[in-house]
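Asker: model the structure of this input:
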Amino acid sequence: EVQLVESGGGLVQAGGSLRLSCAASGFTFDDYAIGWFRQAPGKEREGVSCISTSDGFTYYLDSVKGRFTISSDNAKNTVHLQMNSLKPEDTAVYYCAAEPGPCHPRWFSRPYDYWGQGTQVTVSS
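Answerer: Got it, this is the predicted structure:
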């Protein structure tokens, strides 16, 4: 059974940091695109970042470049999203998703095969 389990969300003040984790099981992890998405209340879901586990190639949403870093630990079937300099507008439920192969250039609009249940990130001002 394929599973993606997010963890690491919480409440943090503006300017603070959080590290999200996405633990995967049930599939061969080393040739997948793992994406992070977020959805705030009343807003559409948006892609935050994507990493190709085969070669570490990454994509980022413009508004998080320089603040967020995605990384993959293939030995532990886990992808991390280090979030620094957090802003209130980063508040959302964060989801990880997976699909076979590398991150597509339009990674942010791909349907992805597997999704996690989400973890809440709240940034207070």
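Asker: pLDDT on stretch 43-58, on average?
Answerer: Stretch 43-58 carries an average pLDDT of 97.
Asker: could you check how far it is from the centre of its chain?
Answerer: Taking Cα atoms, centre = their mean, to the nearest Å, the mean C-alpha location of stretch 43-58 is offset from the chain mean by 6 Å.
Asker: ok, residues contacting it?
Answerer: If you take Cβ atoms under 8 Å, 6 or more residues apart in numbering as the criterion, stretch 43-58 is touched by 29-39, 59-61, 64, 68, 70-72, 74, 79, 81, 92, 94-95, 101-103, 107-109. From N, CA and C alone the C-beta is placed, and that goes for glycine too.
Asker: wait, is residue 75 part of a strand?
Answerer: No: under DSSP: H, G, I helix; E, B strand; the rest coil, residue 75 falls outside any strand and is assigned helix.
Asker: how near is it to residue 45?
Answerer: Between residue 75 and residue 45 the computed distance is 30 Å (Cβ to Cβ, to the nearest Å).
Asker: hang on, the earlier thing: give the ChimeraX command for selecting the buried subset of the contacts of stretch 43-58.
Answerer: In ChimeraX, this line selects whichever of the contacts of stretch 43-58 come out buried by 16 or more other Cβ atoms under 10 Å:
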select :29,32,33,34,35,36,37,38,59,60,61,64,68,70,72,79,81,92,94,95,102,103,107,108
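Asker: which ones among the contacts of stretch 43-58 lie within strands?
Answerer: 32-39, 59-60, 68, 70-72, 79, 81, 92, 94-95 (DSSP state E).
Asker: please enumerate the helices of this protein.
Answerer: With DSSP state H as the criterion, the chain has no helices.
Asker: buried stuff in stretch 16-23?
Answerer: 18, 20-23.
Asker: what residues does that stretch touch?
Answerer: 3-10, 12, 34, 36, 76-86, 94, 96, 116, 119, 121, 123.
Asker: tell me the average confidence for that stretch?
Answerer: 98.
Asker: any idea of the pLDDT on the closest residue in space to residue 113 that isn't next to it in sequence?
Answerer: Among residues not flanking residue 113 along the chain, residue 99 sits closest, at 4.8 Å (Cβ to Cβ, 6 or more residues apart in numbering). Looking at residue 99, its pLDDT is 96.
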